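A.B. asks: just a sequence and a predicted model for now, questions to come.
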Amino acid sequence: MGLLISAFPLFGLGIGPIVATQLLTVVPSWHWVFFISAVPGLILALVLVLRQRDAPNYEPSEESVQPIADKQANGLRAVLTLLHKRNVLLSVLITIAALATLFVLGGLVPSYLTGVVGVSVVEMGFIASAIGFGGFAGQVLLAGLSDVWGRKPMAIIESFGAAVFLAAVTQVGSAPGALFAVLFGASFFCFALLSLVGGPIVAEAAPRGLLGSTNGLVIGAGEIIGSGLAASLIGNIVGSVGLGVVPLLGAATLLIAGVLSIALVETAPRAVARRSAYLLSLGKERT
């Protein structure tokens, strides 16, 4: 899951800012940048039409195709049933916090760099690319480590790690290298948290046959509340207080995510198996 989602920060937030800002040196205005940026999407749409296959690459098991009652799969009752699952509810709240932070990283940090730190637009493009490259590395590495170390400890590390690096943005001055490093670290942990919560934690918490509904609930609530309402609130705060609080607002939302992550129930198969083996050994010792 981490590898799959990692393409977004790599190309959208890593390579994209560099290409877009460098295009400004060879095209008349931003309008041209937007038009040129649309070309890859049109090419991808054509490739999907020609190459996308709808058939699964495996034979579905009898259990996986067992029908689910309509009243269980749809409607308000299904949403309330899913929210009664501890990890599903926590995933919704953590995703809201992570996506609000992603708005800070992708939407406000570039303005912070030019308006508060005082770097040029071209320098900002290179510094902000750390958000994409860090997100790519974090999603590939940390999501994979959660298979071994467990979902809960990795979610805690990712939340508090990203908060520390975002807070450090205010302390490194205007040195491009230092800014790149701390933004890389913040994105490294934040994007990993997003893919972890929206991927394996949700998949392992979802009732059988309701994975799509569970994933849609978590990501949908995160987008509407985190990328929408919370982002609007953060934008209003920045408008009233000033751009100087941008990194600290992102750190605050991640601290909330960290506290919520402590309440997660561990579901990674290897971690659960280790705990079960440990408890079994304790039981044998006592007997």
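C.D. replies: Received the coordinates, thanks.

A.B. asks: can you map out the helices along the stretch 151-287 of the chain?
C.D. replies: 151-168, 176-196, 202-205, 211-221, 231-241, 246-262, 269-286 (DSSP state H, counting those that start in this stretch).

A.B. asks: quick one: closest of those to Leu113.
C.D. replies: Closest to Leu113 of the helices of the stretch 151-287 of the chain is helix 176-196 (C-beta to C-beta; 7.0 Å). In short, each C-beta sits where N, CA and C put it, glycine included.

A.B. asks: and that closest one, what does it pack onto?
C.D. replies: helix 2-5, helix 86-103, helix 121-149, helix 151-168, helix 246-262 (3 or more C-beta pairs under 8 Å, 6 or more residues apart in numbering; DSSP states H and E).

A.B. asks: just put those in a markdown table and tack on distance to Glu204 and mean pLDDT.
C.D. replies: As requested, the helices and strands packed on helix 176-196 are exported to a markdown table (distance: least, C-beta to C-beta, whole Å; pLDDT from 0 to 100):
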| stretch | distance to Glu204 | mean pLDDT |
| --- | --- | --- |
| helix 2-5 | 15 | 80 |
| helix 86-103 | 7 | 91 |
| helix 121-149 | 11 | 86 |
| helix 151-168 | 7 | 94 |
| helix 246-262 | 15 | 93 |
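
A.B. asks: quick one: these as TSV, columns for distance to Gly228 too.
C.D. replies: Formatted as TSV, the helices and strands packed on helix 176-196 follow (distance: least, C-beta to C-beta, whole Å):
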stretch	distance to Gly228
helix 2-5	20
helix 86-103	9
helix 121-149	20
helix 151-168	21
helix 246-262	14
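
A.B. asks: could you dump those to TSV with mean neighbour count and distance to Leu210?
C.D. replies: Converted to TSV, the helices and strands packed on helix 176-196 look like this (neighbours: other C-beta atoms under 10 Å; distance: least, C-beta to C-beta, whole Å):
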stretch	mean neighbour count	distance to Leu210
helix 2-5	17	21
helix 86-103	25	10
helix 121-149	21	22
helix 151-168	23	19
helix 246-262	22	22
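
A.B. asks: low-confidence stretches in the stretch 151-287 of the chain?
C.D. replies: 284-287 (pLDDT under 70).

A.B. asks: the same query, at a cut-off of 80, please.
C.D. replies: 208-209, 278-287 (pLDDT under 80).

A.B. asks: was I right about Leu102 contacting Leu194?
C.D. replies: Yes - using C-beta atoms under 8 Å as the test, Leu102 is close enough to Leu194 to be in contact (6.9 Å).

A.B. asks: export the helices of the stretch 151-287 of the chain to CSV and tack on distance to Val121?
C.D. replies: As requested, those are exported to CSV (distance: least, C-beta to C-beta, whole Å):
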stretch, distance to Val121
helix 151-168, 22
helix 176-196, 13
helix 202-205, 38
helix 211-221, 32
helix 231-241, 19
helix 246-262, 17
helix 269-286, 46
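
A.B. asks: pLDDT value on the spatially closest residue to Ala20 that is not a sequence neighbour, please?
C.D. replies: What sits nearest to Ala20 in space, not counting adjacent residues and going by C-beta to C-beta, 6 or more residues apart in numbering, is Val33, at 5.4 Å. At Val33, the pLDDT value in this model is 86.

A.B. asks: ok, Val33 - contacts?
C.D. replies: Residues in contact with Val33 (C-beta atoms under 8 Å, 6 or more residues apart in numbering) are Ala20, Leu23, Leu24, Val27.

A.B. asks: report the lowest-confidence entry in these.
C.D. replies: Per-residue pLDDT puts Ala20 lowest of these, at 78.

A.B. asks: give me the residues contacting the host helix or strand of Tyr112.
C.D. replies: Here Tyr112 sits within helix 109-112, counting by DSSP states H and E. Contact partners of helix 109-112, identified using C-beta under 8 Å, 6+ apart, comprise Pro17, Met124, Ala128, Ile131, Val169, Leu183, Leu243, Gly244, Val246, Pro247, Gly250.

A.B. asks: just to revisit the earlier point, out of the helices and strands packed on helix 176-196, flag the one nearest Asn236.
C.D. replies: Of the helices and strands packed on helix 176-196, the one closest to Asn236 (C-beta to C-beta) turns out to be helix 246-262, at 11.1 Å.

A.B. asks: just the angle for that closest one relative to helix 231-241, thanks.
C.D. replies: Helix 246-262 and helix 231-241 are oriented at 140 degrees to each other (axes from the mean of the first three to the mean of the last three C-alpha atoms, to 10 degrees).
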